[in-house]
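**Q** Pasting a predicted model and its sequence here:
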Amino acid sequence: MRELAVCVGFDIDPYRRQIDAAAEAAGFTVRYYPGAEALTPEIGDFEVIYGHPDPALLWEAKGLKWLCSDFAGVERYLDEAVWPHPGCLLSNGSGSYGPTISEHILMVLLMLLRRMPEYQADLAERRWTSHMPIRSVTGSHIVMLGTGDIGRHTARRLKALGASVTGVCRSGRSSEPAFDRVLPVSELDAVLPRADALAMALPATSETAGVLSRARIALLPPHALVVNVGRGAAIDQEALVEALQSRRIAGAALDVMVPEPLPADHPLWDCPNTIITPHMSGNMALGLTCDLNVDMFCADLVRYAAGELPLHLVDRVRGY
């Protein structure tokens, strides 16, 4: 029998019956591991691994043909030197995180628009203060940098609340009708001066590093908000801190940053009207995320067994 290892970052027990049934139909036997570290002594036994083993261990996986990461971000696996042979397939969990991360974007955007950081500060000091005016998503122009799974889910929710949404991505194309228009990254400079908020959901690639540069931060209007749930390296963080401290822009919500964890003495902690969360907008805290993740893997396992490529295949050159 062909061998499948499962070593995901969430409680797999509720999904064992589903995975076992998919594996049996595909001609695989399954071994479950409480974490990627436990897999180490036996990693060479498996044709398929569902989880996120240490890239340094992959070289020992001599029988590996497909690694299905339960994470969406797979930058750890983009170096060809980590793979036992170049024919290994890599897929990711992109497609399972859209609902939870888009809800996070909506939450922090509403908090900033309705001045919740100021009210939270008042709460800590037991001050009764009215902060006016507040702003609305309705009628706002949101620039969504990244139009994949997260970007599409975010656009739908923003559109339902009355915003106009401009998508910006590498290709300049998307089939998602919630976007009012979609532009290539080469036209980002033209839309930033008209952005009420910029939401960023980009993978970590050489093309996305520093995409929100000092020059582009300067293009944002003074009332603009920046929300980042992709990777911290996509922003010139020093320039963002300066823009927030000088109130050159109105605020930011950052779920990702450099470095992580953010040191206690980092200036981002003290920036005005800034929400910091510890890279938790995705994770596996939402049950729906786990449900979708397992559904995607099982569907791709059936495809793989039939000689088809996984739907969520990653191009290791592009990085997504």
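**A** Alright, I've got the coordinates. Residues are numbered from 1 along each chain as shown.
**Q** so what's L219 up against?
**A** D189, L192, P193 (C-beta atoms under 8 Å, 6 or more residues apart in numbering). No exception for glycine: its C-beta is placed from N, CA and C like everyone else's.
**Q** Could I get the pLDDT score of the first one?
**A** Which is D189. What the model reports for D189 is a pLDDT of 98.
**Q** ok, which stretches of the stretch 101-250 of the chain are strands?
**A** Secondary structure of the stretch 101-250 of the chain (DSSP state E, counting those that start in this stretch): strands at 141-145, 164-169, 181-184, 197-200, 225-228.
**Q** still on that earlier bit, filter the contacts of L219 to the buried ones?
**A** For those, a burial check counting by 16 or more other C-beta atoms under 10 Å picks out L192.
**Q** Just the closest of the contacts of L219 to A5, please.
**A** The closest of those to A5 turns out to be L192 (C-beta to C-beta; 45.2 Å).
**Q** Wait, that closest one touches S213, no?
**A** No: L192 lies out of contact with S213 (C-beta atoms under 8 Å); the separation is 10.8 Å.
**Q** Please name the nearest non-neighbouring residue to S213.
**A** D236 (5.2 Å; C-beta to C-beta, 6 or more residues apart in numbering).
**Q** for the protein, longest helix please?
**A** In the chain, with assignment by DSSP state H, the single longest helix is helix 287-305.
**Q** ok, and what's touching it?
**A** 4, 8, 10-11, 14-15, 18-19, 22-23, 25-28, 48, 50, 66, 68, 70, 89, 91, 93, 95-97, 99-100, 282-284, 309-312.
**Q** What mean pLDDT does that helix get?
**A** On average, helix 287-305 scores 97.
**Q** repeat for stretch 115-135
**A** Regarding stretch 115-135, the rounded mean pLDDT is 95.
**Q** remind me which residues of the stretch 201-320 of the chain are low pLDDT?
**A** By pLDDT under 70, the stretch 201-320 of the chain has no low-scoring segment.
**Q** which parts of stretch 158-174 are buried?
**A** Applying 16+ other C-beta under 10 Å to stretch 158-174 flags L158, K159, A163, S164, V165, T166, G167, V168, C169, R170, S174 as buried.
**Q** Specify which member of those is nearest to L268.
**A** Nearest to L268, judged by C-beta to C-beta, of the buried residues of stretch 158-174 is V168 at 24.2 Å.
**Q** Quick check, pLDDT for that closest one.
**A** 98.
**Q** Check the one 3 residues further on too.
**A** Per-residue confidence (pLDDT) for S171: 95.
**Q** In contact with it, which residues?
**A** P184.
**Q** Hmm, P203 and G73 touching each other?
**A** Yes: using C-beta under 8 Å, G73 and P203 qualify as a contacting pair, with a distance of 6.2 Å.
**Q** For those two, list the residues in contact with both.
**A** R231.
**Q** Please pick out the residue of this structure most distant from its centre.
**A** Relative to the centre of the chain, the most outlying C-alpha is that of W128, 37.0 Å out, by C-alpha atoms, centre = their mean.
**Q** That residue and V8, how far apart?
**A** According to C-beta to C-beta, to the nearest Å, W128 stands 47 Å off from V8.
**Q** do the same with A250
**A** From A250 to V8 the distance is 39 Å (C-beta to C-beta).
**Q** before we move on, what about V143?
**A** 34 Å.
**Q** So between these two, which is more surrounded?
**A** V8 (25 against 22; other C-beta atoms under 10 Å).
**Q** I appreciate the help and will end here.
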